[in-house]
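Student: below are the sequence and a predicted model; questions follow.
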Amino acid sequence: MPDRTRDAGSLGKAIAIGLAGLVLNCLAFGPWALRSAIQEMAADHPHFGDFTGFYVPACMAGSDAQYDQASVLRVQQNITGTVQPHLMPTRLPFYYALIRPLCAMSYVSAHRVWVLVMVLAALSAIALLSLAQGRVAIVASLASAPLFLSILGSQDVALLYLVLAAGLWLRKTGRPLSAGFVLSLLLIKFHLFLLLPVLFLVKREFRLLAGAVSGSLLLLGACFAVDGRDWPRRYASLVLNPVLGPGAESMPNLHGLALWFTSAGFTSATAVETVLTVPVVAAAMWVIVRARFPLAFGAALLGGLLISRHAYTADCAVVVPAVIAIWQNASAPARQIAFICLLPFAYWLAGILNYGWVPAILFTALLLALTRIRSGGHGAEDSSSV
């Protein structure tokens, strides 16, 4: 009985601290969100954050026009009364087929359902992460400014958060094949997770890798089934359009950091980004090879976000489980930097002032600090998390 009382008290304390962080995020972003909501609802045809970028492609799922920019803009105009060239369909065809039932509802009703689903996904992810990583996951998730921003902006990052949480929980409970199958859904935003397959291969997580490959092949097969044989060509021609990356200098990755350096007087953003990418990838590989799984997992997620060419503040939510793993398993100075990364202040600067270089520098510093770890061997396991 005393142990149950202590556990209940610990859980209540974690929730209370997390909710305090949530309140701080509401105070930081609430006025901006309220003003935006009033402006959108006052329009003749309301539109909500990034939701248009999901609703319109879902209604066009399976058609040859799904990845045609002119066609997408026409449908946007018909539904929302305005065009938003940056909200093009950047997900793979299987994803829009999955969310197509939203189109059975009006735009406004579908948005309400969408927000409810994202909130439920976030809460489910928090519950699963607490089982995989302990009570600190409750605090870090509830106080996560990126996760809060993603829901405010009607984005789908909460789904990725749930996929990561479910994958980690399944692996921890001894079901690596199922974990890999679930993690294959990270194809939703595959460009953020390019180093995860390397992690699974290096750490000899072969059953997990088999599940991920099987799930990925199934999802790619679904893409061809719903959108025809030539969808890769149409998809590539659209996503390589530079109009899809507005405000790139605010991105919390090396691309955004390079553009910030360029604005400070450096002449070539491409050259700066290349120079930054080499040590970041080298550091990530060093940790993946030498560290035990929790720290290697952290390095893979951090490195994947940093080398991605398209990410915004809300996408930083996907590295929260990685930062938790580092905070639980690393020593100084990585542990201290991880703690700072779990606080909302850097993301406030990135979200409110468009200073994307702040989290980018923190993530880079954290990754480089991990290179000081001692070798943990292949497949070695920490008892604390992940």
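Tutor: Alright, I've got the coordinates. Numbering: from 1, shown residues only.
Student: going by C-alpha atoms from here, please, whenever you check contacts or count neighbours.
Tutor: Fine.
Student: quick one: pLDDT of residue 38?
Tutor: Note on residue 38: pLDDT of 59.
Student: doesn't residue 48 make contact with residue 155?
Tutor: No - taking C-alpha atoms under 8 Å as the definition, residue 155 is not a contact partner of residue 48, at 9.9 Å.
Student: more neighbours: the two, which one.
Tutor: residue 155 (23 against 19; other C-alpha atoms under 10 Å).
Student: how about the more buried one, nearest residue that isn't a chain neighbour?
Tutor: Closest residue in space to residue 155, ignoring its immediate chain neighbours: residue 50 at 5.8 Å, by C-alpha to C-alpha, 6 or more residues apart in numbering.
Student: mind checking how far that neighbour is from residue 308?
Tutor: According to C-alpha to C-alpha, to the nearest Å, residue 50 and residue 308 sit 20 Å apart.
Student: let's verify the residue nearest to residue 155: helix, strand, or coil?
Tutor: Secondary structure assignment for residue 50 (DSSP: H, G, I helix; E, B strand; the rest coil): coil.
Student: show me the contacts for residue 208.
Tutor: Residues in contact with residue 208 (C-alpha atoms under 8 Å, 6 or more residues apart in numbering) are 176-181, 200.
Student: which helix or strand contains it?
Tutor: Using DSSP states H and E, residue 208 falls within helix 206-227.
Student: give me the angle between the following helix or strand past that helix and helix 206-227.
Tutor: Using DSSP H and E, the helix or strand that follows helix 206-227 towards the C-terminus is helix 231-239. When axes from the mean of the first three to the mean of the last three C-alpha atoms, to 10 degrees is applied, the directions of helix 231-239 and helix 206-227 differ by 90 degrees.
Student: identify the residues contacting helix 231-239?
Tutor: 67-69, 88, 90, 92-93, 223-224.
Student: if you rank those by neighbours, which is first?
Tutor: Counting neighbours by other C-alpha under 10 Å, the one among the contacts of helix 231-239 with the most is residue 93, which has 28 neighbours.
Student: ok, it - contacts?
Tutor: 61-62, 222-223, 226-227, 231.
Student: out of those residues, who's the most crowded?
Tutor: residue 61 (23 neighbours).
Student: pLDDT for the contacts of helix 231-239 - can I get that in CSV?
Tutor: Formatted as CSV, the contacts of helix 231-239 follow (pLDDT from 0 to 100):
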residue, pLDDT
67, 92
68, 90
69, 91
88, 90
90, 92
92, 96
93, 96
223, 95
224, 95
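Student: distance to residue 116 and secondary structure added to those, as a markdown table?
Tutor: Shown next, in a markdown table, are the contacts of helix 231-239 (distance: C-alpha to C-alpha, whole Å; DSSP: H, G, I helix; E, B strand; the rest coil):
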| residue | distance to residue 116 | secondary structure |
| --- | --- | --- |
| 67 | 27 | coil |
| 68 | 30 | coil |
| 69 | 29 | helix |
| 88 | 23 | coil |
| 90 | 22 | coil |
| 92 | 23 | coil |
| 93 | 23 | helix |
| 223 | 26 | helix |
| 224 | 30 | helix |
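Student: distance to residue 366 added to the residues you listed, as a markdown table?
Tutor: A markdown table is the format used below for the contacts of helix 231-239 (distance: C-alpha to C-alpha, whole Å):
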| residue | distance to residue 366 |
| --- | --- |
| 67 | 38 |
| 68 | 40 |
| 69 | 39 |
| 88 | 33 |
| 90 | 29 |
| 92 | 31 |
| 93 | 35 |
| 223 | 37 |
| 224 | 40 |
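Student: just the residues you listed now: which is nearest residue 56?
Tutor: Nearest to residue 56 among these, counting by C-alpha to C-alpha, is residue 88 at 8.8 Å.
Student: and residue 121, its phi and psi?
Tutor: phi -60, psi -40 (degrees, to the nearest 10).
Student: tell me the contacts of it?
Tutor: Here residue 121 is in contact with 158-159, 161-162 (C-alpha under 8 Å, 6+ apart).
Student: just send these back as a markdown table, with distance to residue 326 and secondary structure too.
Tutor: Output for these, formatted as a markdown table (distance: C-alpha to C-alpha, whole Å; three-state DSSP):
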| residue | distance to residue 326 | secondary structure |
| --- | --- | --- |
| 158 | 21 | helix |
| 159 | 23 | helix |
| 161 | 17 | helix |
| 162 | 19 | helix |
